[in-house]
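J.: Below are the sequence and a predicted model; questions follow.
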Amino acid sequence: MLTQIAGGVCAPKGFRANGVHCGIRKNKTKKDLALIVADVKCATACVYTTNLVKGAPILVTKQNVADGYAQAVICNSGNANTCNADGVEIAEKMCELVREYTGINAGDVVVASTGVIGQKLSLDPIIAGMPALCEGLGDHSTAAAEAIMTTDTVAKEIAFSFTAGGKGCRIGAICKGVGMICPNMATMLMFVTTDVAISPAMLQKALSADVKKSLNMVSVDRDTSTNDTLCVMASGLAGNAEITEANADYRAFCRALNAVTTAMCRKIARDGEGATKLIECRVSGASSLKNARLVAKSVINSPLLKAAMFGSDANWGRVLCAIGYSGAKLDVNKVDVVFRSAAGTLPVCKDGSGLEFSEDFAKRVLSEDEIVIDVNLNGGNFHATAWGCDLTYDYVKING
C-alpha cells in the first residue's frame, strides 16, 4: 500500500541532503547549490534530455554512472554550464569537490546544472559554498529542493512508503522545472532516492518505462531544454531481497516510482511559468497506447487551447482541432469531450458535434485552478493522461 509521507529525498534510509546560497545567483535570498549524499554506493539509473545540445554536466554524469552506480548528487542553479569550452572541466571539478569534502569517489557523483545557457560558470562560489553545504548535510530535502529552483515559484518534493519483499520501503524526490517543458523527457531536473534493493539493470528498466507515461506527458511551452536529467539512486537499505527480475516486488517498486513521477508531473505543470491553472487531459477509448498518448499530448500542447483555458472559455473546437492534427488514428465522428473541475461537469461535444450548454456555467467550471479535459475516442480500450497549464501574459513577461 502506497502512503504519502514527509521527507522528500531524505525519507528513504541512508540519504542526507542540503542546499545553500554560494553566490552563483546574485540574489542572496535564493539558494543555488544542492547536495544529496548516500551512506552507501547506490544502484543508479538516469534518463536525459533528447536535445542535441547538451549541458556539460550530462556528459560527465553519463560517464560517472556508466557502471550503474553512484553515491552523491551535486547540482547548482543560476547557470546551466552549457555551450562553454571549459564546461566539462568545471563539471568534473564539481565532482572532485564532493570527493574532497565527503570522501565519496568523484566517479560516483551525479553532477547537474540549471539556469542561463551560454554563460561561463565560475568554480569560485561553489568552492566557497562547499564547507557550509557539507557541514549542514542532514534531513534537509526542502533546502536541496530550493537550491535547484530557477523560475519555479515553489519547491517541489514528494515521498511515499510502500512494501516490497515484506519489507517497509520508501521513495522520495525533489524536482525543478516550470519552463522549457515538452520533450521526450520532460524538461527538468529530478533526483529520486529509494532504499529498495534493486539491480541497476532493473532500475533502469523501470525508469525508462515510467517516463513514457509520466514525464514525457508534461508540457508547458513545447521547448526542450539542454540539461534535463532524471536520476534514481537506490541504497538497498530497506533490506528486501534484491529485485533482479520483473516479479511482484518489481511491480510494487514501479507503482511507487510512478506515484512519485506522476505527483511531480502535476507539480511541474501547476507551477508552469506564468500559469494560473493546471490542465489535465485524460484520453480513453483509443485504439492503441500510441494514439492515446498522441491525442493527450496534442491537446495539452495547443497554444489556442491553453489560451482559452486562461480566459475560462469553453471553446471545445480547439480540443477537436488539436485531436485532428495529432497524427493519431481515430474516427472524429465518435469523439466525446467533457470539461470538469471542482465547480462541476460540462459535456461540450458528443460524436464529434457540439452540445448546448450554459455559458455562465461553463465560465464557472473553467474558472477553477485545476481543469480536467476528458476525451473519449470511443474506438478501443487504451488510455493516457497528459498534464499542462494555461498560457498567460506572465509567461511572455518571464521569458522576455
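T.: In hand now; what should we look at?

J.: contacting residues for the closest residue to M202 other than its chain neighbours?
T.: Among residues not flanking M202 along the chain, I243 sits closest, at 5.3 Å (CB to CB, 6 or more residues apart in numbering). (Each C-beta comes from the backbone N, C-alpha and C, glycine too.) Residues near I243 by CB atoms under 8 Å, 6 or more residues apart in numbering: A164, G165, V196, A197, I198, S199, M202, D249, Y250, F253.

J.: What of G327?
T.: G327 neighbours (CB under 8 Å, 6+ apart): L294, S298.

J.: Can you tell me the SS state at it?
T.: coil (DSSP: H, G, I helix; E, B strand; the rest coil).

J.: Pull up the per-residue confidence for the residue nearest to T82 when sequence neighbours are not counted.
T.: Spatial nearest neighbour of T82, chain neighbours left out: G55 (4.0 Å); criterion: CB to CB, 6+ apart. According to the prediction, G55 has pLDDT 80.

J.: Isn't G55 up against N79?
T.: No. Between G55 and N79 there is no contact under CB atoms under 8 Å: 9.9 Å.

J.: Please report the number of neighbouring residues for the residue nearest to T82.
T.: 31 (other CB atoms under 10 Å).

J.: check contacts around it.
T.: Neighbour list for G55: T49, A80, N81, T82, G87, A112, S113, I117, T226, N227 [criterion: CB under 8 Å, 6+ apart].

J.: Recalculate using a threshold of 10 Å.
T.: 48-49, 61, 79-84, 87-88, 91, 111-115, 117, 225-229 (CB atoms under 10 Å, 6 or more residues apart in numbering).

J.: and A145, how many neighbours?
T.: Other residues close to A145 by other CB under 10 Å number 26.

J.: chain center to the helix or strand harbouring it, what's the gap?
T.: Using DSSP states H and E, A145 sits in helix 141-147. On the basis of CA atoms, centre = their mean, to the nearest Å, helix 141-147 sits 15 Å off its chain's mean C-alpha point.

J.: Could you pull up the mean pLDDT of it?
T.: In this model, helix 141-147 has an average pLDDT of 98.

J.: Please export the C-alpha coordinates of it as CSV.
T.: The C-alpha coordinates for helix 141-147 follow below in CSV (Å, rounded to 0.1, in the frame of the first residue of the first chain):
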residue,chain,number,x,y,z
SER,A,141,15.4,17.8,1.5
THR,A,142,13.5,21.1,1.2
ALA,A,143,16.7,23.1,1.3
ALA,A,144,18.1,21.0,-1.6
ALA,A,145,14.8,21.4,-3.5
GLU,A,146,15.0,25.2,-3.1
ALA,A,147,18.6,25.2,-4.3
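
J.: counting contacts, what elements does that helix pack onto?
T.: Judged by 3 or more CB pairs under 10 Å, 6 or more residues apart in numbering; DSSP states H and E, the packing partners of helix 141-147 are strand 15-20, strand 33-48, strand 69-77, helix 124-135, strand 156-164, strand 167-176, strand 189-194.

J.: Report how many residues lie close to the closest residue to T392 other than its chain neighbours.
T.: Residue nearest to T392 in three dimensions, not counting chain neighbours: G274, with 4.3 Å by CB to CB, 6+ apart. G274 sits with 22 neighbouring residues when counted by other CB under 10 Å.

J.: quick one, which of the helices and strands packed on helix 141-147 is packed in tightest?
T.: With neighbours taken as mean count of other CB atoms under 10 Å, these reach their highest mean count in strand 189-194, at a mean of 28.

J.: Which SSE is immediately downstream of that one?
T.: helix 200-213.

J.: Show me the contacts of G55 that map onto strands.
T.: Under the assignment DSSP state E, these contribute Y48, V111, A112, S113, T114, T229 to strands.

J.: just how off-centre is the longest helix along the chain within its chain?
T.: Assignment by DSSP state H gives helix 248-270 as the longest helix of the chain. Relative to its chain's centre, helix 248-270 lies at 10 Å (CA atoms, centre = their mean).

J.: For it, which residues meet the burial criterion?
T.: Within helix 248-270, the residues scored as buried using 16 or more other CB atoms under 10 Å are 249-250, 252-254, 256-270.

J.: ok, now stretch 328-346?
T.: Buried-residue list, stretch 328-346, by 16+ other CB under 10 Å: A328, L330, V335, D336, V337, V338, F339, R340, S341, A343, L346.

J.: so who does the fifth one touch?
T.: Under the criterion of CB under 10 Å, 6+ apart, the contact list for V337 reads 299, 314, 316-317, 319-320, 323, 346-350, 352, 354-355, 373-376.

J.: Secondary structure element for it, which one?
T.: strand 336-341.

J.: Can you name the next helix or strand after that strand?
T.: strand 344-350.

J.: partners of that next one, with directions?
T.: Here strand 344-350 is paired, per DSSP bridges, with strand 336-341 (antiparallel), strand 353-354 (antiparallel).

J.: As TSV, these with mean pLDDT and distance to T392 would be great.
T.: Output for these, formatted as TSV (pLDDT from 0 to 100; distance: least, CB to CB, whole Å):
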stretch	mean pLDDT	distance to T392
strand 336-341	98	18
strand 353-354	96	27
